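K.L.:
model this:
(chains A and B)
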Amino acid sequence: MVKDQEFLETKASYCLGLAKKLGATDSSVIVKNSISETVNFRNKNLDESNRSDDLGLSITTYIGKKKSSISSSNLLNDNLNILIEKCIETTKNTPEDEFNSLPDRDLFAKEVKDLNLYDETHIENNQKIDYLKKLEAAASKDKKIVNTESSFTQNKSNFVLANSEGFCDGYKTSSFTASSVTVAKDEKSMERDYEYSSKCFLKDLDDADELGNLAANQTIRKLSPKKIGSEKIAIIFDKRIAKGVLSTFASAISSSAISRGTSFLKDKVNQKIFSDKINVFDKPDMLKGLGSRNFDSEGVKTDTLKLVDQGILKHYLIDTYNGKKLNLKSNGRCGGTSNLYFENGNINFKDLLNSHSKSLYITETIGHGSNIVTGDYSVGATGFLIENGEFKYPINEITIAGNFKDMFQNITLANDLEFKYATNSPTMLIEGMVVAGK
Amino acid sequence: MSNFFEKSDVSRKEAESIISDTLQKCDDGELYLENSKSESILLDDNKIKNSSYNSDLGFGFRAISDEVVAYSHSNEISKNSLKQSSENLKSTLKSVKGTYNHEITKSNKKYYDNINPIEQKSLNEKIKILNDVNDYLRSKGDKVKQVTANFLGEQKSVEIIRSGGETLSDVRPLVRFNVSVMVEKDGRKETGVYGVGGRQSYDSYLKDENWKSVCDEALRIASVNLESKPAPAGEMKVVLGPGWPAILIHEAVGHGLEGDFNRKKTSAFHNLMGQKVASEGVTIIDDGTIDNRRGSLTIDDEGTPTEKTVLIENGILKNFMQDRLNARLMKTRSTGSGRRENYRHIVLPRMRNTMMLSGKQTQEEMIKAVDKGIFAVSFGGGQVDITSGKFVFNCTEAYEIVNGKIGSPIKGATLIGDGPSILKEVSMVGNDMMMDPGIGTCGKAGQGVPVGVAQPSILINKMTVGGTKL
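P.N.:
Okay, here's the model as predicted:
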């Protein structure tokens, strides 16, 4: 069982009390416990079981405008005494920064709604094994599948965030995650692909058969890929890749990148950065949402933000420190976005495929090719050639490149949004990108 | 050296008996104890943005029966916690009937000193250097718009207790110093990043204002990029500079030669042992025994001393990198490559310092041999799909080559290639092998471990460059 609220609160208040006694003018602390149990299968047999019990604490102390922090996994009071003393010493020796402070008092979250983020259900390893047997049977049906690896994880977490302004709150969350990775082989090639499902509640998890079948089919269709020539062509991003475009957008509007001047979206609030039809939301209070939260990692309340309205950037993602620097109020985004998504477009998936006589459908990208300073984008890619709405053949060993400033203006979204991750996008078409191949 | 049982309600003797009892009839396994202390001091936007300290203590208990690994970890070193872990392991491995393999190689060699780099330099001295870095770079002209510099220091003590009470231990220092600078000219912004580090004290890298050369290099890269034009798109010849560009080797062949992927036959290299996988003259080793290098280890995380493992010799595939589990299942020996990020993670076969050795040619000869291509000097990072063998890496400093001469700088671009065939496309190997500056972290299965790379300049006949200019 994860540690209860009372245990975490006792540790938190011990730290706050000690910090104050040792001279901190302000302090904040997060105490967290997380227990995960994982079972892995490979080729229909048990491969690994893994149980992890992580207890940790992180405290930040302020002396006036000086600040320092420590974290530790050893919560014995003896150890905490040494660490907090060290933290206070370091704080004294760290130069002042006028923007250092706890959040403004009126911004703290006042009510904590039940967002349905915790499922009491405990799934025993035997039940995980039953699920994985079924999944692997489905995944390995086809003779072309030569290796299957699958995994089932139950995670239960609890945390308390407290500070010297009197904020003290936290709640339990749970997640159940199943995944399947398959390798397929033919005379010419060997390919790998995956499918996965992650939910707050066990009963919402995808069916094992379905997950295994999807993983296998997605792998088999990649066999015997071709390399194509270099050209300018419309790119369609599968949903699992399209969400990455949103993640890059989120990094580029984080108040830290904006205040440091290291983002291609600096000074773009109230300007049109996407095409007219694009709306972006960040909605923290979604029931059972994988990114849902009641407050951010500083305790600041989080409201739903319409970040992009008809193509126009409306907000940055603001925390206390960078907000003060930019002369803006925190909007509860310390630690990033919650449930971030593009609103659906008004064209269906099939019509999107059909919208160009020739396009590339990308299912995987590799490499870290997004530069948020310049907006330049260049990554390795795997996918399919689409002609007249039909999947023609798999392609690999190509790169796709462009600049986000242009890419954002050329996005068309399908109407097939799902909430599978914390950050979600419908299938996305971008015109005018360059493919490098042969 | 940490005494892990000093403040615990379980004595070393009691722990040993729980270990021996749990691992009875298992093929392998151990209790891994770890105590790490780390610090991070960050200067950003003209200010000390962050000074933090982390202390982490915990154990990971592993039992292996045939191919099945049971693992349980906790950060509470207590009788209760060890017993609960033991129960978890036993319940996974219900009917074990193996014989514990007590054999483990021994060595007295050490590749770094038992020091705590965090304590060797005061916070005020570190803050002073960071402020000096900021002042130094900002004195280089108005175009410098942002400077970020940081220190990362760590001391990790590990202890491995095997069935029967055999104990192996290691204390590992690690430091890193990074500088990132953003410049702006005519509304255009570019960044340059450089860093140094390894397993010794900060002073080994920073004495006598050595930090200035790190700043100069970061600023040089940023300034070159201000003048860069769009990179070409398509297949062409590529000359790689020496040192850090060896992440090509790490991604293209390194990961594919790790034991687990080959035992599972999911690596594109699994059926190529003894075959020619690279041009003649290409020799690649993975070496954990170089003094004070970032990827070096006295013993790996299973207690096996590290070694210099020849992976590819003169073009022929010779060895995979092995931990104990994969070595046993593939009927070979561990190469001391069993590593984990920390006690929360299971051991996997991993790289240490992966190096392509020098050949005979010069970089000038290579450039001269190229009509149309690119010369890549500095890189961000890379990634590989070990099954299809396709890998990428991102240039952060590169130039076009036209008719045997280095031309204008080009914008950062991703290069993509095919691991099993790329080394056959190496047509010249330089005489200028160089280690990277000590900044690499390799990610696998969610675990990051410090690694090193090295290579001479090389000429690759054909690679796809992911630019935007057709």
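
K.L.:
and for residue A:99, the neighbour number?
P.N.:
Residue A:99 is flanked by 18 other residues according to other Cβ atoms under 10 Å in any protein chain shown. Just so you know, the C-beta spots here come from the backbone N, C-alpha and C atoms, and that holds for glycine as well.

K.L.:
from residue A:270, how far out is it?
P.N.:
To residue A:270, residue A:99 is 24 Å away according to Cβ to Cβ, to the nearest Å.

K.L.:
next, count neighbours for the residue of the stretch 301-438 of chain A found nearest chain B.
P.N.:
Of all residues in the stretch 301-438 of chain A, residue A:399 sits closest to chain B, at 2.7 Å by Cβ to the nearest Cβ. For residue A:399, the neighbour count with other Cβ under 10 Å is 29.

K.L.:
for it, which residues are in contact?
P.N.:
Residue A:399 is in contact with A:378-381, A:435-436, B:233, B:392, B:413-416, B:464-466, counting by Cβ atoms under 8 Å, 6 or more residues apart in numbering or on different chains.

K.L.:
please give the element, helix or strand, for the residue in the stretch 201-350 of chain B positioned nearest to chain A.
P.N.:
Per Cβ to the nearest Cβ, residue B:233 is where the stretch 201-350 of chain B lies closest to chain A, at 3.6 Å. For residue B:233, the enclosing helix or strand under DSSP states H and E is strand B:233-240.

K.L.:
got a list of contacts for the next helix or strand after that strand?
P.N.:
Sequence-wise, the next helix or strand downstream of strand B:233-240 (DSSP H and E) is helix B:247-249. Helix B:247-249 is contacted from outside by B:240, B:284, B:354-356, B:379, B:381-382, B:391, B:393, B:417, B:422, B:436, B:440, B:453, B:455, using Cβ under 8 Å, 6+ apart.

K.L.:
return the member of the contacts of residue A:399 nearest to residue A:334.
P.N.:
Here the nearest of the contacts of residue A:399 to residue A:334, counting by Cβ to Cβ, is residue A:379; it sits at 28.9 Å.

K.L.:
my read is that the closest one contacts residue A:362, right?
P.N.:
No. With contact defined as Cβ atoms under 8 Å, residue A:379 does not count as touching residue A:362 (9.2 Å).

K.L.:
list residues touching both of those two?
P.N.:
Common contacts of residue A:379 and residue A:362 (Cβ under 8 Å, 6+ apart): residue A:400.

K.L.:
just the contacts of residue A:399: which are in strands?
P.N.:
Counting by DSSP state E, the contacts of residue A:399 place A:378-381, A:435-436, B:233, B:392, B:414-416, B:464-466 in strands.

K.L.:
with neighbour count, pLDDT and distance to residue A:157 added, can I get those in a markdown table?
P.N.:
Shown next, in a markdown table, are the ones in strands among the contacts of residue A:399 (neighbours: other Cβ atoms under 10 Å in any protein chain shown; pLDDT from 0 to 100; distance: Cβ to Cβ, whole Å):
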| residue | neighbour count | pLDDT | distance to residue A:157 |
| --- | --- | --- | --- |
| A:378 | 30 | 95 | 37 |
| A:379 | 24 | 96 | 32 |
| A:380 | 30 | 96 | 34 |
| A:381 | 30 | 97 | 35 |
| A:435 | 25 | 97 | 42 |
| A:436 | 33 | 97 | 43 |
| B:233 | 26 | 95 | 45 |
| B:392 | 29 | 94 | 34 |
| B:414 | 30 | 93 | 36 |
| B:415 | 30 | 94 | 40 |
| B:416 | 28 | 95 | 38 |
| B:464 | 28 | 96 | 43 |
| B:465 | 29 | 95 | 44 |
| B:466 | 33 | 94 | 39 |
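
K.L.:
would you map the strands across the stretch 301-450 of chain B?
P.N.:
Shown for the stretch 301-450 of chain B, the strands assigned by DSSP state E, counting those that start in this stretch span residues B:308-313, B:316-317, B:338-339, B:348-349, B:353-356, B:372-384, B:390-402, B:405-410, B:414-418, B:426-429, B:434-435, B:440-444, B:447-455.

K.L.:
residue 155 - how many residues pack around it?
P.N.:
All of this refers to chain A. 17.

K.L.:
I was after chain B.
P.N.:
Residue neighbour count, defined by other Cβ under 10 Å, stands at 21 for residue B:155.

K.L.:
which phi and psi does it have?
P.N.:
Main-chain dihedrals, residue B:155, degrees, to the nearest 10: phi -130, psi 120.

K.L.:
the helices in chain A, which residues?
P.N.:
A:5-21, A:77-93, A:125-139, A:208-220, A:239-252, A:255-260, A:320-326, A:349-354, A:404-409 (DSSP state H).

K.L.:
closest to residue B:175 out of those?
P.N.:
Of all the helices of chain A, helix A:77-93 comes closest under Cβ to Cβ, at 17.7 Å.

K.L.:
pLDDT of that closest one, averaged?
P.N.:
Helix A:77-93 carries an average pLDDT of 93.

K.L.:
mind listing what's buried in it?
P.N.:
Neighbour-count burial for helix A:77-93 flags A:79-80, A:83-84, A:87-88, A:90-91, A:93 (criterion: 16 or more other Cβ atoms under 10 Å in any protein chain shown).

K.L.:
that helix and chain B in contact?
P.N.:
Yes. Applying Cβ under 8 Å from any Cβ of the partner chain, one finds helix A:77-93 in contact with chain B at A:78-79, A:83, A:86-87, A:90, A:93.

K.L.:
in CSV, list the residues you listed along with distance to residue B:228.
P.N.:
Formatted as CSV, the residues of helix A:77-93 next to chain B follow (distance: Cβ to Cβ, whole Å):
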residue, distance to residue B:228
A:78, 55
A:79, 50
A:83, 46
A:86, 45
A:87, 44
A:90, 41
A:93, 41
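
K.L.:
list the residues that contact residue B:234.
P.N.:
Applying Cβ under 8 Å, 6+ apart to residue B:234 gives the contacts A:229-230, A:436-438, B:464-465, B:470.

K.L.:
let me know the closest of those to residue A:249.
P.N.:
Nearest to residue A:249 among the contacts of residue B:234, with distances taken as Cβ to Cβ, is residue A:436, at 24.0 Å.

K.L.:
isn't the closest one up against residue A:229?
P.N.:
No. Contact criterion Cβ under 8 Å: residue A:436 and residue A:229 do not qualify, at 9.2 Å.

K.L.:
I'd like to know how far the residue nearest to residue B:397 when sequence neighbours are not counted sits from residue B:395.
P.N.:
Using Cβ to Cβ, 6 or more residues apart in numbering or on different chains and skipping residues adjacent in sequence, the residue nearest residue B:397 is residue B:378, 3.7 Å away. Going from residue B:378 to residue B:395 by Cβ to Cβ gives 7 Å.

K.L.:
ditto for residue A:80
P.N.:
47 Å.

K.L.:
residues in contact with the residue nearest to residue A:71 when sequence neighbours are not counted?
P.N.:
What sits nearest to residue A:71 in space, not counting adjacent residues and going by Cβ to Cβ, 6+ apart, is residue A:58, at 3.8 Å. The neighbourhood of residue A:58, defined by Cβ under 8 Å, 6+ apart, consists of A:29-30, A:69-72.

K.L.:
and for residue A:50?
P.N.:
Listed by Cβ under 8 Å, 6+ apart, the contact set of residue A:50 reads A:36-40, B:70-72, B:346.

K.L.:
and if we set it to 10 Å?
P.N.:
A:36-40, A:151, A:153, B:60, B:62, B:69-73, B:88, B:92, B:344-346 (Cβ atoms under 10 Å, 6 or more residues apart in numbering or on different chains).

K.L.:
burial of residue A:164, as a residue count?
P.N.:
Other residues close to residue A:164 by other Cβ under 10 Å number 18.

K.L.:
so it sits right up against residue A:63, yeah?
P.N.:
No. Using Cβ atoms under 10 Å as the test, residue A:164 is too far from residue A:63 to be in contact (11.9 Å).

K.L.:
got the buried residues for stretch A:279-293?
P.N.:
So, applying 16+ other Cβ under 10 Å, buried residues of stretch A:279-293: A:279-284, A:286, A:289-293.

K.L.:
what's around residue B:114, how many residues?
P.N.:
Around residue B:114 there are 13 other residues, counting by other Cβ under 10 Å.
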